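Asker: starting from these lines, generate the structure:
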Amino acid sequence: MRHLRRLAAGFTRVYVDGMSLPHVPRVLLTGATGFVGSALLPRLLDAGWSVRAVSRHPERGKPTPGVEWVYCDVED
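Answerer: Reported below is the predicted structural model:
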């Protein structure tokens, strides 16, 4: 069973079957297939971040561990 505990300053610690898992920082990257986003994505991964990558064209993104690709268009 998975449990979450709120810590000071908004950090969350995850507990699975009573064991504490290390905190993995997460970030939402908009425009992930664009000029800036595509340059920033590998740097975030190298720094240890888990990335939710948002794009109008997620099919252009490469399947990469640590990246969740999500379609989003503000005109929808």
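Asker: from now on I want contacts and neighbour counts done on CA atoms only, so please keep to that.
Answerer: Will do.
Asker: now do the SS call for the closest residue to Arg60 other than its chain neighbours.
Answerer: Leaving aside its sequence neighbours, Arg60 sits nearest to Thr33 (CA to CA, 6 or more residues apart in numbering; 6.7 Å). Here Thr33 takes the coil state, with states given by DSSP: H, G, I helix; E, B strand; the rest coil.
Asker: what about Thr33, neighbour count?
Answerer: By other CA atoms under 10 Å, 22 other residues sit near Thr33.
Asker: pretty sure it is in contact with Glu59, am I right?
Answerer: No - taking contacts as CA atoms under 8 Å, Thr33 lies outside contact range of Glu59: 9.2 Å.
Asker: before we move on, the earlier item: let me see the contact set for the residue nearest to Arg60.
Answerer: Listed by CA atoms under 8 Å, 6 or more residues apart in numbering, the contact set of Thr33 reads 55, 57-58, 60-61.
Asker: closest one to Arg43 out of the residues you listed, please.
Answerer: Gly61 (15.0 Å; CA to CA).
Asker: distance of the closest one from Val67?
Answerer: Distance, Gly61 to Val67, by CA to CA, to the nearest Å: 10 Å.
Asker: ok, these two, which is more surrounded?
Answerer: Val67 (21 against 17).
Asker: hmm, who's touching stretch 35-51?
Answerer: The contact list for stretch 35-51, computed with CA under 8 Å, 6+ apart, reads 24-32, 66-68.
Asker: in PyMOL, select just the buried ones from the residues you listed.
Answerer: With 16 or more other CA atoms under 10 Å as the burial test, the buried ones among the contacts of stretch 35-51 are selected in PyMOL as follows:
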select buried, resi 29+30+31+32+67
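Asker: tell me which helix or strand Leu40 sits in.
Answerer: helix 35-46 (DSSP states H and E).
Asker: quick one: buried residues of whichever helix or strand comes after that helix?
Answerer: Proceeding N to C from helix 35-46, the next assigned helix or strand is strand 50-55, under DSSP H and E. The neighbour-count check on strand 50-55 (16+ other CA under 10 Å) flags 50-55 as buried.
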